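Q: missing the sequence, but the structure's below:
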């Protein structure tokens, strides 16, 4: 795999004083992880940031800094097939995954890294595809955390006019051996680099421009449109969570936050799911688009007010954690840049 790095742009505040490493999933996939200490003395536990499709760790720099200022250790990782984790197609700009169990394996590794390296209480902050995968893990008793905040979970796709037909077509093409092909009409262009006007992701032009610059500067971390295999996997996940029993099986206390103007995932599907949660509640941010954490200051303030009320945290003695120490077999190094003093050694690189 080509070298990947945690980069810092002057316009994009990548937090400093972090560590980055590779870890092997049980099927041998190499995933990139990064972690950070809190920037305050009052340590409240650990938040695992679980990204959506086509994202990578650096896109969450602002959120990571916000969490650290709140007293949390932060753990982030890249799903296989995107970011600095292993790709499994020769054309690496394809957003590809073969089967749903591959994502389940990645999430299991993230939970193991969290438990082994960072102090409790443990929480998850997940977005879109990642939020749907976490909800599914929670109903299978495979999400060992105290609370889950699920942002715009992928429970249905508003951007697909005929989802049932799309699901059948993806399965048909997959079984014809076209699983690793782009979806019809798909290509290499990352969604974050497309024009701001008419974008599906955010109302904030500054944050959108930052992400576009980041994706352009880090082409080795970005991916383009999904493959047939990814679409098939996505529909399998959404169909599983569409079962009437699915929300009743979620045992982790959950806050679901949806975007009222989300053109990517279905807000009505999210509302129906959240209404049946036994241990959860829902909040709709009426003017938000899909990427709530990349939204305007006013929308992000609403999100953080809800997060702070739901995830109070507990004070944990001692800020140091075993996860920040080097361990055999894992590549690690400091993450440079950000709102803190530069980390010694500059920018980290991993295979």
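A: Yep, it's here. None of the values given here were measured: they were computed from a predicted structure.
Q: so who does residue 167 touch?
A: Residue 167 is in contact with 232, 235, 239, counting by CB atoms under 8 Å, 6 or more residues apart in numbering. For every residue, glycine as well, the C-beta is placed using N, CA and C.
Q: Tell me the confidence at it?
A: You'll see residue 167 listed with a pLDDT of 84.
Q: Against residue 235, how distant is it?
A: Relative to residue 235, residue 167 is positioned 4 Å away (CB to CB, to the nearest Å).
Q: Out of the contacts of residue 167, name the ones that lie in strands.
A: Among the contacts of residue 167, the subset assigned to strands under DSSP state E is empty.
Q: Taking these, please make a PyMOL selection of just the buried ones.
A: In PyMOL, selecting the buried portion of these, with burial taken from 16 or more other CB atoms under 10 Å, looks like this:
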select buried, resi 232+235
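Q: Tell me the one of the contacts of residue 167 nearest residue 147?
A: Taking CB to CB as the measure, residue 147 sits nearest to residue 239 out of the contacts of residue 167, at 26.2 Å.
Q: Please identify the helix or strand for the residue lying closest to the closest one once chain neighbours are set aside.
A: Distances taken as CB to CB, 6 or more residues apart in numbering put residue 167 closest to residue 239, at 7.5 Å, once the chain neighbours are dropped. Residue 167 is located in helix 163-173, with elements delineated by DSSP states H and E.
Q: and that helix, how far from the chain's centre?
A: How far helix 163-173 lies from its chain's middle: 25 Å, per CA atoms, centre = their mean, to the nearest Å.
Q: List the buried residues of that helix.
A: Buried, per 16+ other CB under 10 Å, within helix 163-173: 163, 166, 167, 169, 170, 171, 173.
Q: ditto for stretch 171-181
A: 171, 173, 174, 178, 179, 180, 181.
Q: Does the residue lying farthest from the centre of the chain belong to a helix, a strand or coil?
A: Most distant residue from the mean C-alpha position of the chain: residue 176, 30.5 Å away (CA atoms, centre = their mean). Under DSSP: H, G, I helix; E, B strand; the rest coil, the three-state class of residue 176 is helix.
Q: separation between residue 49 and residue 113?
A: 13 Å.
Q: list the buried ones in stretch 136-147?
A: Buried residues in stretch 136-147, defined by neighbour count with 16+ other CB under 10 Å: 136, 137, 138, 139, 143, 145, 146, 147.
Q: Tell me which residues are up against that stretch.
A: Contact partners of stretch 136-147, identified using CB under 8 Å, 6+ apart, comprise 45, 48, 104, 107-108, 111, 114-115, 120-124, 134, 148, 237, 240-241, 246-247, 249-255, 310-311.
Q: That concludes my questions; thank you for your assistance.
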